[in-house]
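Colleague: Sequence and predicted model, in that order:
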Amino acid sequence: MLETPKPTTISYVTAGGVTVVRTDSPVEESVLTGLVADLDLRRGAVLSSGVDYPGRYSRWHLGYVDPPIELVAYGRRIEARALNERGLVLLPVVAAAMAGTGEVVRDEESCFGVDVPESAESFAEEERSRQSTVFTALRAVVAAFASTVDPHLGLYGAYGYDLAFQFEPVRLRHDRSADPHRDLVLHLPDQLVVVDRKRETSMRYAYDFEVGGRTTAGLARQTGPTPRPEVRPVPAPPEPGRYAGIVRTARERFRRGDLFEVTPSHVLSGRCDSPAAFYERLRTQNPSPYEFFCNLGEGEYLVGASPEMYVRVTGDRVETCPIAGTIRRGRDALEDATQIATLLNSTKDESELTMCTDVDRNDKARVCVPGSVRVIGRRQVELYSRLIHTVDHIEGRLRPGMDAFDAFLTHMWAVTVTGAPKQWAMQFIEDAESAPRRWYGGAVGFVGFDGSMNTGLTLRTAHVENSIASVRAGATLLYESDPDEEERETLLKAQALLDTMSEPDPGPSGGVYRLTPSTDEAIGAGVRVLLVDHQDSFVHTLGDYFRQHGAEVVTLRYGFPVEQLDTLAPDLVVLSPGPGRPADFDCARLLAAVEERGLPVFGVCLGLQAMVEYAGGTLDLLPRPAHGKPGHVRVLSSGTAPSDGLLAGLGPSFTAGRYHSLYATPESVPGFEVVAVTDDPSGARVAMAIADDVRRRWAVQFHPESILSATGRAGHQLVANVLRLARSSVPREVAPA
């Protein structure tokens, strides 16, 4: 007879002086089943991954109940609460960490709270994730418990959508004060059951803590049941056609160039008397990379089977897997193959994913080492119970000094649940949706005290209160979207969850595209670049390209005092792309100040349009916007790039990414030489690159930072050319007009 392994114990001290004693005991995997049942009445969570996708996901399963400490945020107020006697031992450590992050508003034996003020100082975009928010308090708590010894201990729970408004100014249409809800609920557990399917182990990790002479050893772990609220009737179903109407409104915004893509949602509801039973059916019938069941207390539950990673951090490696492109499963493998072929041949679905990936790469470029952001999986196919998706896999390496929260915040929230440009898309969502999103579009998962993080997007999720399960579903919209078809897609997504609440689901249970950047630091060494951000979703990838060539880049949002041009003394000013029109950002004011100081300037997309208007030229509107589309760019014979010109090394033609509705014809660009054009499918002839070497002004209508410009490293070559021109050109005397 085999002997049962004996428990083992380890002990270590955290960065904040907390002694942690962990006892490891093997348990049967069935322990987690009982834990799930407990969560109907007790705080805690079960997190699992039910699929294996090599290189992206592997199967795992963990859970806990009765955490001793709970962190809750309402807007900028964050409170730490002790939920039992063990929590009373730990609370002083948490309170001491939080005390320096804001104004203390509660200081009681079992609860400590602070109001975190808005930052008084301004932040460059590269440091934006360090501004003062409730995450400042979370960072302090993690720092107090920091240790590389244990990969499991950390903060587990859910992050709500409204947290983004602490970082991005969005005009709120819905009144949150009438029905205040929690924006964040995190638990610090003191025991975890962890099933590792790779190692074929199932373990219970039980923790005791020693703080200031007090210990949790011997104290009871139970926190008591959470109250079950009253049962309420299920709300009426959504009005048919309303979502299709939102799609039609969005298409007009696409046509104007205000948006490239957007993902609005709406709500369907059903009865759910046992969240635990619902979770067990859901993970059995619809295995997903991020399965979760959270009892958040106060009668509130989240039950989900999300197909999409939000942010995963291991060491300095940050990963995301944006999903865009969806089609219904077939009845069998043969029909699946037909559906997959249809999906992969859809230019609309390819554009959806292209834009999501371009925005995601931009998010990482804000906090990652230049050149480290890579697409390591392109349009990979993932199959779920009712749907087939295409997925990209993107990685980057965090810059020294950046942590998991920087990775988390720079992606807030994922483009796949917001859109592009992100801030304008979030404003559209606030205006179009009928109520605040609450948990939908946020994240669920954990941040480890060892610096790691693993979070999934709150998609395919039921928010359960009063025995009512609310399921939000959305679709990624483009100009090409069919309103009725998009509404049907959202209903299909939501119905997969609603059906699982009561009966079994009858449904059925690629190549790699790799960017390989190479860095040529010599060309940009010593060049200081001021990158002006016009609320764009790609600006940080553009900045990353300049950094890869050795340039020093500082990014400022538009509207800064022009006197900062004198303080920063840039060698080159870069005008980023952006939504809307140049007048929306008062580009003429900045261009006048740049001209007055004789600074070189390079514009991308909106930047080109601003330079054309400032020179007295005119802009037209394409009949159909070109968003996330490849463009065949032809170098003009009259402006064939010499060896030292703007388009040097790009040949007579190349492919580049287009994201624009406004454009200039070659005849409407005074004061510049039009050196490249593209013939739009509408028949319009579009000026794609303009140059004025005398006044040191250059611009392109395409996006060099897009993955659509990656073939032959065209985007990198263009940026290198701009840096070389900025270094080598000197102001020349300009004859009076």
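Modeller: Looks like it arrived, so ask away. Computed from a prediction, not measured in an experiment: that's the story for all the values here.
Colleague: Just the mean pLDDT for the one helix or strand residue 491 maps to, thanks.
Modeller: Using DSSP states H and E, the element containing residue 491 is helix 483-500. The predicted model assigns helix 483-500 a mean pLDDT of 89.
Colleague: Can you list the buried residues in it?
Modeller: Across helix 483-500, burial judged by 16 or more other CB atoms under 10 Å covers 483, 486-487, 489-491, 493-500. (C-beta placed from N, C-alpha, C; glycine too.)
Colleague: which residues in the stretch 551-700 of the chain form strands?
Modeller: 552-557, 572-575, 601-604, 620-635, 653-663, 673-679, 685-692, 697-700 (DSSP state E, counting those that start in this stretch).
Colleague: Residue 307: which of the ones you listed is closest?
Modeller: strand 620-635 (21.3 Å; CB to CB).
Colleague: The closest one pairs with which strands, parallel or anti?
Modeller: strand 653-663 (antiparallel), strand 673-679 (antiparallel) (DSSP bridges).
Colleague: need those strands in JSON lines with mean pLDDT, can you?
Modeller: Shown next, in JSON lines, are the strands paired with strand 620-635 (pLDDT from 0 to 100):
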{"stretch": "strand 653-663", "mean pLDDT": "96"}
{"stretch": "strand 673-679", "mean pLDDT": "96"}
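Colleague: Show me the helices in the stretch 501-650 of the chain, by range?
Modeller: Secondary structure of the stretch 501-650 of the chain (DSSP state H, counting those that start in this stretch): helices at 539-548, 564-568, 587-597, 606-614.
Colleague: I'd like to know which of these is closest to residue 724.
Modeller: Among the helices of the stretch 501-650 of the chain, helix 539-548 comes nearest to residue 724, with 12.1 Å by CB to CB.
Colleague: Put the alpha carbons of that closest one into PDB.
Modeller: Output of helix 539-548 as PDB, limited to C-alpha atoms (Å, rounded to 0.1, in the frame of the first residue of the first chain):
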ATOM      1  CA  VAL A 539       0.500  56.400 -30.900                       C
ATOM      2  CA  HIS A 540       2.600  54.300 -28.600                       C
ATOM      3  CA  THR A 541       3.400  51.700 -31.300                       C
ATOM      4  CA  LEU A 542       4.500  54.700 -33.400                       C
ATOM      5  CA  GLY A 543       6.700  55.900 -30.600                       C
ATOM      6  CA  ASP A 544       8.100  52.400 -30.100                       C
ATOM      7  CA  TYR A 545       9.200  52.400 -33.800                       C
ATOM      8  CA  PHE A 546      11.200  55.600 -33.200                       C
ATOM      9  CA  ARG A 547      12.700  54.200 -30.000                       C
ATOM     10  CA  GLN A 548      13.800  51.000 -31.900                       C
END
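Colleague: change the start of the numbering to 50 and stick with it
Modeller: Sure, I'll start counting at 50 from here, so that last one is helix 588-597.
Colleague: the strands in the stretch 50-199 of the chain, which residues?
Modeller: With DSSP E, counting those that start in this stretch as the criterion, the stretch 50-199 of the chain has strands spanning 57-62, 68-75, 93-98, 109-114, 118-123, 126-131, 152-156, 160-164.
Colleague: and residue 673, how many neighbours?
Modeller: The number of residues packed near residue 673 is 16, by other CB atoms under 10 Å.
Colleague: can you pull the contacts of the nearest residue to it once chain neighbours are set aside?
Modeller: Nearest residue to residue 673, sequence neighbours excluded (CB to CB, 6 or more residues apart in numbering): residue 731, at 6.1 Å. Residue 731 makes contacts with 671, 672, 673, as judged by CB atoms under 8 Å, 6 or more residues apart in numbering.
Colleague: What is the nearest of those to residue 267?
Modeller: Nearest member of the contacts of residue 731 to residue 267, counting by CB to CB, is residue 673, at 71.0 Å.
Colleague: In this model residue 733 seems to touch the closest one, though I could be wrong.
Modeller: No: the criterion here is CB atoms under 8 Å, and residue 673 misses it with residue 733 at 9.9 Å.
Colleague: where does the stretch 50-199 of the chain have low pLDDT?
Modeller: 50-54 (pLDDT under 70).
Colleague: Leaving aside the residues adjacent along the chain, what's closest to residue 571?
Modeller: Nearest residue to residue 571 in three dimensions, chain neighbours excluded: residue 599, at 6.5 Å (CB to CB, 6+ apart).
Colleague: let me redo that: residue 656
Modeller: The shortest distance from residue 656 to any non-neighbouring residue, by CB to CB, 6+ apart, is to residue 624 (3.0 Å).
Colleague: Same question for residue 128.
Modeller: Counting by CB to CB, 6+ apart, residue 162 is the residue found nearest to residue 128 once chain neighbours are left out, at 3.7 Å.
Colleague: Check the spacing between that neighbour and residue 153 real quick.
Modeller: Taking CB to CB, to the nearest Å as the measure, residue 162 falls 7 Å from residue 153.
Colleague: Please produce JSON lines containing the helices of the stretch 550-699 of the chain, extended by distance to residue 699 and mean pLDDT.
Modeller: Shown next, in JSON lines, are those (distance: least, CB to CB, whole Å; pLDDT from 0 to 100):
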{"stretch": "helix 588-597", "distance to residue 699": "15", "mean pLDDT": "96"}
{"stretch": "helix 613-617", "distance to residue 699": "30", "mean pLDDT": "96"}
{"stretch": "helix 636-646", "distance to residue 699": "26", "mean pLDDT": "97"}
{"stretch": "helix 655-663", "distance to residue 699": "17", "mean pLDDT": "98"}
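Colleague: Please name whichever of these is nearest to residue 291.
Modeller: Nearest of the helices of the stretch 550-699 of the chain (CB to CB): helix 655-663, 32.5 Å.
Colleague: Tell me how many other residues crowd residue 250.
Modeller: Residues near residue 250, counting by other CB under 10 Å, number 13.
Colleague: cool, residue 608 as well?
Modeller: By other CB under 10 Å, 12 other residues sit near residue 608.
Colleague: swap in residue 289?
Modeller: Neighbourhood size, residue 289 [other CB under 10 Å]: 9.
Colleague: State the distance from it to residue 536.
Modeller: As judged by CB to CB, residue 289 and residue 536 stand 8 Å apart.
Colleague: and what of residue 630?
Modeller: Shown here: residue 630 relative to residue 536, a distance of 31 Å by CB to CB.
Colleague: do residue 197 as well
Modeller: Relative to residue 536, and taking CB to CB, residue 197 is found at 49 Å.
Colleague: do the same with residue 231
Modeller: For residue 231, the distance to residue 536 equals 30 Å [CB to CB].
Colleague: just residue 637 next, same as before
Modeller: According to CB to CB, residue 637 and residue 536 sit 42 Å apart.
Colleague: Check residue 274 too.
Modeller: Distance, residue 274 to residue 536, by CB to CB: 41 Å.
Colleague: all strands for the stretch 400-549 of the chain, in order.
Modeller: Per DSSP E, counting those that start in this stretch, the stretch 400-549 of the chain carries strands over the ranges 423-432, 436-446, 468-469, 492-497, 502-506, 510-514, 517-523.
Colleague: Just put these in TSV and tack on distance to residue 148, mean pLDDT and mean neighbour count.
Modeller: Formatted as TSV, the strands of the stretch 400-549 of the chain follow (distance: least, CB to CB, whole Å; pLDDT from 0 to 100; neighbours: other CB atoms under 10 Å):
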stretch	distance to residue 148	mean pLDDT	mean neighbour count
strand 423-432	41	95	19
strand 436-446	33	96	22
strand 468-469	39	94	28
strand 492-497	20	98	25
strand 502-506	25	97	25
strand 510-514	33	95	25
strand 517-523	37	94	24
